[in-house]
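Asker: this one's structure only:
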């Protein structure tokens, strides 16, 4: 069975960190947050897993839409990172 979205995209550790940093930064701007570079990387990489899981759950075949790894991985990572920041804020606000 072929995976719908390869979470790593075969980009290696440098590519993963680069996409994570960009995705975390975009998510930071979209949610009006203020994080540092390390936090942006962590949020972006974690967002890739969340976004990839959601894309697979919704049966989205992003690999067919985007030719190449960068744009599909970045989109999935940004969506996942925004969701992580939003959920964190909702949980933090209840305390």
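Answerer: That came through fine. What you are looking at is a predicted structure, and each value in this text was computed from that prediction instead of being measured.

Asker: Could you list the buried residues of stretch 72-91?
Answerer: 72-85 (16 or more other C-beta atoms under 10 Å). From N, CA and C alone the C-beta is placed, and that goes for glycine too.

Asker: do the same with stretch 37-46
Answerer: Buried residues in stretch 37-46 (16+ other C-beta under 10 Å): 40, 41, 42, 43, 44, 45, 46.

Asker: May I see these organised as JSON lines, with secondary structure added?
Answerer: Formatted as JSON lines, the buried residues of stretch 37-46 follow (DSSP: H, G, I helix; E, B strand; the rest coil):
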{"residue": "40", "secondary structure": "helix"}
{"residue": "41", "secondary structure": "helix"}
{"residue": "42", "secondary structure": "helix"}
{"residue": "43", "secondary structure": "helix"}
{"residue": "44", "secondary structure": "helix"}
{"residue": "45", "secondary structure": "helix"}
{"residue": "46", "secondary structure": "helix"}
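
Asker: so what's the residue most central in space within the chain closest to, chain neighbours aside?
Answerer: For the chain, the residue sitting closest to the mean C-alpha position, by C-alpha atoms, centre = their mean, is residue 77 at 1.5 Å. The shortest distance from residue 77 to any non-neighbouring residue, by C-beta to C-beta, 6 or more residues apart in numbering, is to residue 23 (3.5 Å).

Asker: any weak-confidence spans in this protein?
Answerer: For the chain, applying pLDDT under 70 flags the ranges 1-11, 62-68, 94-95.

Asker: Many thanks, have a good one.
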